[in-house]
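S.K.: build me a model from this:
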Amino acid sequence: MDYTNLAILLGVGLVGGAWNAIAGGATLFTFPALMAAGLPPVVANATNFLGLLPSNAAALMAYREELRNGGVLLVKLSVVSGAGAAVGSVLLLVSDPQTFLFLVPFLLLAATLLFALGEPMRRAFVRLAGASQTSPAVYGVLFLVSIYGGYFGAGLGIILLAIAQIIGHSDFHAANSMKNLLATNFTIISIVIFGIGGLIDWTAAIVMMAGSTVGGYAGGYWARSVNQRLLRTLVVGFGGLLSLVYFWRIFGPHVF
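M.R.: Residues are numbered from 1 along each chain as shown. Next up is the predicted model:
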C-alpha cells in the first residue's frame, strides 16, 4: 500500500473515529475506503474492526463518570454481547469471500435503514419492552444483534442505545456510554478472531487506528454539543447512495 493511500486512511480514521463516537455509522464510509485502497472485501471488513476500535474505546474516557456505577449489569451485558460477536465473527471467518461480496450491498442497505428508521424503532422497542434489567428478552435481542455486530456491525449503535434505555438509562449520555462500552467489547473479541484467522491487514489497520484514536476521544466530548440529527441525516443519505453504487457494481444494470 503506497503512502498516498495510507495518508487517506489516516484521515478517514480521524473523521470516522469522531463520527463513530458522536453518532455511529462510520463503517458506511471507512469500509468502502479500505476497499478503495485495494483490500479484498472480507479483509477490509476485518481490518475496519481494528481500525475503528479506538473510536469507541477512547470515547469511554470521556464517559467514565457515566460508566462508574454500571457494576454487575455491565459485566452481564458484555458477556452476552461478546458471545454473539464471537458467533458472527466466526461466520465471517468461515464464509466464502464471494458470498460476503454478494452480501455487501445488502449489508450496507440494512445499515442505512437502521439509521433511517432507527429512532422510531428505538422508541417502539423501549415502549414495548419496558424498563427491566433482568428481562431474558433484552439479553436475547442483544445476543442476536451482536451476531450481526461481529459479522459486519454498521448501524448497530441505534439498537444498542435502545437496549441501554430499556434497562433504565433514560439519559442519552449514559445510554451512549453503554453503547460505546458494548461496541468496544465485541469489537475486541472480533479482532482476536479475525487476527487468528489472518483476515486483518495490519498496516492499514494501525494507520486507521492512529486517526480514530484522536477522533474518538475528541468525538466523545463533541457528542455533547454537535447536532446529531444533521450527522445522522448525512449518514443515511450517504449510505443510501453507497448501497445503490454497490448494487450496480455487483449485480449490473439489469437489476434496475
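
S.K.: which stretches of the stretch 151-256 of the chain aren't confidently modelled?
M.R.: Applying pLDDT under 70 to the stretch 151-256 of the chain flags the ranges 155, 158, 167-173, 220-232, 234-235, 238-239, 242, 245-246, 249-256.

S.K.: so which residues of it form helices?
M.R.: Remark: helices assigned in the stretch 151-256 of the chain by DSSP state H, counting those that start in this stretch are 157-166, 172-196, 202-222, 228-251.

S.K.: kindly report the same for the stretch 1-150 of the chain.
M.R.: Remark: helices assigned in the stretch 1-150 of the chain by DSSP H, counting those that start in this stretch are 3-22, 27-36, 41-62, 64-67, 71-94, 97-129, 136-151.

S.K.: least confident of those helices, on average?
M.R.: Among the helices of the stretch 1-150 of the chain, helix 64-67 carries the lowest mean pLDDT, at a mean of 68.

S.K.: ok, which of the helices of the stretch 1-150 of the chain comes nearest Phe186?
M.R.: Phe186 lies closest, by C-beta to C-beta, to one member of the helices of the stretch 1-150 of the chain: helix 71-94, at 3.2 Å. C-beta: built from backbone N, CA, C; applies to glycine.

S.K.: got the angle between the closest one and helix 136-151?
M.R.: Here helix 71-94 runs at an angle of 40 degrees relative to helix 136-151 (axes from the mean of the first three to the mean of the last three C-alpha atoms, to 10 degrees).

S.K.: just to revisit the earlier point, now the helices of the stretch 1-150 of the chain as JSON lines including distance to Ala162 and mean neighbour count?
M.R.: Listed next are the helices of the stretch 1-150 of the chain as JSON lines, based on distance: least, C-beta to C-beta, whole Å; neighbours: other C-beta atoms under 10 Å:
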{"stretch": "helix 3-22", "distance to Ala162": "18", "mean neighbour count": "22"}
{"stretch": "helix 27-36", "distance to Ala162": "19", "mean neighbour count": "22"}
{"stretch": "helix 41-62", "distance to Ala162": "17", "mean neighbour count": "25"}
{"stretch": "helix 64-67", "distance to Ala162": "17", "mean neighbour count": "14"}
{"stretch": "helix 71-94", "distance to Ala162": "13", "mean neighbour count": "18"}
{"stretch": "helix 97-129", "distance to Ala162": "4", "mean neighbour count": "17"}
{"stretch": "helix 136-151", "distance to Ala162": "9", "mean neighbour count": "20"}
